[in-house]
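**Student:** sequence and predicted model, in that order:
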Amino acid sequence: MGVLSKLCVAVALIAAAQTPACADESGVKLVLQVSEGTRQAKLALTMAKRDLELDPRTRVEIVAYGAGVQFLQSDTLFSDEGPKVAALAARGVVFKVCENSLRASNLGRGDLLPRVQVVPSGSLEIARLQREGYAYIRP
Amino acid sequence: MGVLSKLCVAVALIAAAQTPACADESGVKLVLQVSEGTRQAKLALTMAKRDLELDPRTRVEIVAYGAGVQFLQSDTLFSDEGPKVAALAARGVVFKVCENSLRASNLGRGDLLPRVQVVPSGSLEIARLQREGYAYIRP
Amino acid sequence: MGVLSKLCVAVALIAAAQTPACADESGVKLVLQVSEGTRQAKLALTMAKRDLELDPRTRVEIVAYGAGVQFLQSDTLFSDEGPKVAALAARGVVFKVCENSLRASNLGRGDLLPRVQVVPSGSLEIARLQREGYAYIRP
């Protein structure tokens, strides 16, 4: 295979790699922002549940920051969303929480529900997910 | 035309198909989320109207779910936005409402303004539109 | 170089131009919407500051419209965010304000902080930035 054909194949592969997210009918990817209180968290959990029921191929990440971190506490005195979070995590929903916001709320990793990931910045994480083709929704 | 040149033409077409949304100055595509009360709906209708006046090539879809479905009722006792919705629909604005949310509000298709489309999930619809190049705005 | 190879090189350049925003680890691009009161403006300013500290390559544009334009007034009686806006602008953060909203608030260009840009429509500007690869966040 000559240089020219190798180049064309490479270009075709690059183009193909960029196409799927826009062209096919695979499940959508969703990043849900939770940055307000518990009410918004409940909306996000319900949205994730229903969308997975409608289309199990849907990929959902829930990113919490600011006043939105409370529902991820393991202490049931402060949040009773634990069972819902666990059920959704078992179905592949990813939960991420902003490290800055945790500190501002005097929370540490030990205060969080199992399987919750800590990221340095909620907003940078949301931006990276959008760059990877995730659609942003603020419930 | 040999295999190689066909491949190159194909790749060029794929690349060209991906380019316009990012490179040219055609009108932007906007999906506006209405998920709160009437105040947010009014903001969305005004935004759509003004943006179409500024640039008639703008394509707007308004997706309502949750507490945002009320303004699409045809009963003028519950919503007086009907004339605005009709005027915008006549100019090409697309109105979509979440079926789940309709049920939760005890509303059926018969309660809606003409030309309003019902979609299975407001959030999945918003995600699909973003995948098609629509910019998301939550007014 | 024949026509065919020129075509391939052109296609490769187009593909390469489209790749970086999705594939590499350069800083993310963020457009923050400020359309509510001062509280949301403060959240946006803090978000921009922290994200720039975490990753100085981050590019941030803050677009204000509706009730979100107030914090960009130079009159300290109405806004005390001036020093924060100036400090962020010096670090490359871009501030844009919607002309329509300015008029609705009886404000003119002369009432704004230095370096604030006026755009015809906040929503069209946000949509254009998303089309250029900016991730949207509504703090």
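**Tutor:** Done, it's in.

**Student:** and after the helix or strand bottoming out on mean pLDDT in chain A, which helix or strand comes next?
**Tutor:** Least confident helix or strand of chain A, by mean pLDDT, DSSP states H and E, is helix A:20-23 with a mean of 41. Using DSSP states H and E, the helix or strand that follows helix A:20-23 in sequence is strand A:29-34.

**Student:** how about the residue most central in space within chain A, secondary structure?
**Tutor:** Central residue of chain A (Cα atoms, centre = their mean): A:E61, 1.5 Å from the mean position. At A:E61 the chain is in strand, as set by DSSP: H, G, I helix; E, B strand; the rest coil.

**Student:** which residues pair with it across the strands?
**Tutor:** For A:E61, the beta-bridge partners under DSSP bridges are A:V31, A:V94.

**Student:** thought it was touching A:Q33?
**Tutor:** No - using Cβ atoms under 8 Å, A:E61 is not in contact with A:Q33; the gap is 10.0 Å. Yep, even glycine has a C-beta here, placed from its N, CA and C like the rest.

**Student:** what's the burial count for A:C98?
**Tutor:** Neighbour count for A:C98, taken as other Cβ atoms under 10 Å in any protein chain shown: 26.

**Student:** same check on A:S74?
**Tutor:** Neighbours of A:S74 (other Cβ under 10 Å): 14.

**Student:** my guess is it contacts A:R109. True?
**Tutor:** No - using Cβ under 8 Å, A:S74 is not in contact with A:R109, being 10.5 Å away.

**Student:** name the residues contacting each of the two.
**Tutor:** When contacts are counted by Cβ atoms under 8 Å, 6 or more residues apart in numbering or on different chains, A:S74 and A:R109 have no shared neighbour.

**Student:** OK, contacts around A:N100?
**Tutor:** Counting by Cβ under 8 Å, 6+ apart, A:N100 has contacts A:Y65, A:P120, A:S121, A:G122, C:R50.

**Student:** could you see whether chain C lies near stretch A:128-137?
**Tutor:** Yes - residues of stretch A:128-137 contacting chain C under Cβ under 8 Å from any Cβ of the partner chain: A:R128, A:Q130, A:R131, A:E132, A:G133, A:Y136.

**Student:** and these, which is closest to chain B?
**Tutor:** A:Y136 (5.8 Å; Cβ to the nearest Cβ).

**Student:** so the helix or strand where the closest one lies, near chain B or not?
**Tutor:** In the assignment (DSSP H and E), A:Y136 maps to strand A:135-137. Yes - Strand A:135-137 reaches chain B (Cβ under 8 Å from any Cβ) through A:A135, A:Y136, A:I137.
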